[in-house]
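>>> Quick one, fold the following:
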Amino acid sequence: MNNNGAIDALLAACDTVPGQMLAAGVQGKPGRLLLRLCEPDDIGPLLDILQHPQVLACPDFNHNVTVEGLARSIANGNDCWQRHGAGSITVLENGHIVGRIYFARNTLNEFDIGWVVDPACWGRGIAFEAASALLTHVFASTAIRVVTAYAFIDNTRSTRLVKSLGFKETARKEIAGQVSVRYELHAR
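Numbering: from 1, shown residues only. Now for the predicted structure:
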């Protein structure tokens, strides 16, 4: 599948997922988010989100985010689109960047998902809605059958989100005195 086809498939998934989430009790309006491939111009706004003190306080957040590192991460997510038909997305609400859903192969050769949302938007279901749309696309439009997610046990927001997306815990590992939990979601 070429890049345009993958994006079209993602947008088609986005049109259907918000209604399903509203039926599940998520507050919001259908179609309120725009999900698109990450672009170089997203680096500044995303870096502002990543450097927000509340984001930096999250236990499993990488505190060494640089412009170069974010650019590499965006390139990695975009390469994943080219190779596999799914990758990282920028999340916009009312034309403003409010977060990013990271999706790419990790160092363990797993397809891994993660998220960051502007703290001003926390509690509104944005990460759930965007991650749900991307996961719907991944399982409906690609050969990917298993997606992983990792969260430190003390990161209650991410832990709740990963469980609400349907991920199941598969392993725990202590890293620098904190417990990291590995989760998996299988295509249905």
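>>> just for the chain, where's the confidence low?
1-31, 59-64 (pLDDT under 70).
>>> how about the helices of it, start to end?
3-23, 43-50, 53-56, 67-84, 126-141, 156-164 (DSSP state H).
>>> Mind putting the ones you listed into JSON lines with mean neighbour count and distance to Val91?
Glycine gets a C-beta too; all of them are placed from N, C-alpha and C. As requested, the helices of the chain are arranged in JSON lines below (neighbours: other C-beta atoms under 10 Å; distance: least, C-beta to C-beta, whole Å):
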{"stretch": "helix 3-23", "mean neighbour count": "16", "distance to Val91": "10"}
{"stretch": "helix 43-50", "mean neighbour count": "17", "distance to Val91": "10"}
{"stretch": "helix 53-56", "mean neighbour count": "12", "distance to Val91": "14"}
{"stretch": "helix 67-84", "mean neighbour count": "16", "distance to Val91": "13"}
{"stretch": "helix 126-141", "mean neighbour count": "23", "distance to Val91": "5"}
{"stretch": "helix 156-164", "mean neighbour count": "17", "distance to Val91": "14"}
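>>> Among the ones you listed, which comes closest to Asn109?
Distance to Asn109, taken as C-beta to C-beta, is lowest for helix 67-84 among these, at 12.1 Å.
>>> Spatially central residue in this protein, please.
Against the mean C-alpha coordinate of the chain, by C-alpha atoms, centre = their mean, the closest residue is Ile101 at 2.4 Å.
>>> List the beta-bridge partners for that one.
With DSSP bridges applied, Ile101 shows beta-bridge pairing to Ile89, Trp115.
>>> next one: Phe111
On the basis of DSSP bridges, Phe111 is bridged to Arg105.
>>> Of the helices of the chain, which is nearest Tyr150?
When the helices of the chain are compared by C-beta to C-beta, helix 156-164 sits nearest Tyr150, at 8.7 Å.
>>> From the contact counts, what lies against the closest one?
Contacts of helix 156-164 with other secondary structure elements, assessed using 3 or more C-beta pairs under 8 Å, 6 or more residues apart in numbering; DSSP states H and E, are made with helix 126-141, strand 146-152, strand 178-186.
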